[in-house]
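> sequence isn't available, so here's the structure alone:
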């Protein structure tokens, strides 16, 4: 059976994330635990990996980096073998566009999904969470642009595009995300920093220090920590 899946709105590896991170760590048990710093590949990924190691030590995990900063690394059979035996994977934030480009269709990503389907914990925060949906939203033209356009992502959560940092700047993306939808079935999932939409035991629920919003053709619904989240599809099973 698949393990838990957490989509985190950002500001990961800081206080406020304890509820979802404790759940993930419990699922990992004593197996190998990895941080995936692909989204931070252009922004000191070694710092992101070190921070993850320090943060998750409080939950009893010895987290190390799974080296997939480049397409070449993502094609590595040796790294894929490590991932296949992993019990915990955390995709940190950074560049929203780079994760699907590096991991999409790769041996390592296939191995991560196999491990998750076998019970491993899987999480992504900010750009990492965006990559787990059907599409990631990248800036329209220049840095800081509020206009967002769709790029195919890893597709683990079908029909969903994640808007992280929703209570700060993510909500500013809603207009362009709605206007540029590639399909009427697109579901926008707004997640505040230090909050998460967590799939566990066959259902979605909100966790952490913040809220979760589901925006679809039926309107917008808001959920707070502890609420069951309606209107989200189940993660892809294969």
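Structure's in. What do you need? Everything numeric here is computed off the predicted structure, so don't read it as measured data.
> other SSEs contacting the helix or strand where residue 205 lies?
Under the criterion of DSSP states H and E, residue 205 resides in strand 203-208. If you count contacts as 3 or more Cβ pairs under 8 Å, 6 or more residues apart in numbering; DSSP states H and E, strand 203-208 packs onto helix 18-28, strand 195-200. (C-beta placed from N, C-alpha, C; glycine too.)
> low-confidence ranges in the chain?
140-145, 237-238 (pLDDT under 70).
> so where's the longest helix in the protein?
Criterion DSSP state H: the longest helix present in the chain is helix 45-57.
> list the buried ones in that helix?
For helix 45-57, a neighbour-count test (16 or more other Cβ atoms under 10 Å) marks 45, 48, 49, 51, 52, 53, 55, 56 as buried.
> again with stretch 65-84
For stretch 65-84, by 16+ other Cβ under 10 Å, it's 65-69, 73-74, 76, 79-80, 82-84.
> what does it rub up against?
32, 34-38, 41, 45-46, 49, 52, 86, 89, 101-103, 106-112, 114-115 (Cβ atoms under 8 Å, 6 or more residues apart in numbering).
> returning to that earlier point: restricted to strands, list the buried residues of stretch 65-84.
residue 65 (DSSP state E).
> now do the same end-to-end measure for stretch 52-64.
8 Å (Cα to Cα, to the nearest Å).
> contacts for that stretch next, please.
Under the contact criterion Cβ under 8 Å, 6+ apart, stretch 52-64 has outside partners 13-14, 21-22, 25, 28, 32-35, 37, 49, 65, 88, 90, 92.
> now the two most distant members of those residues.
14 and 32 (23.9 Å; Cβ to Cβ).
> thanks a lot, catch you later.
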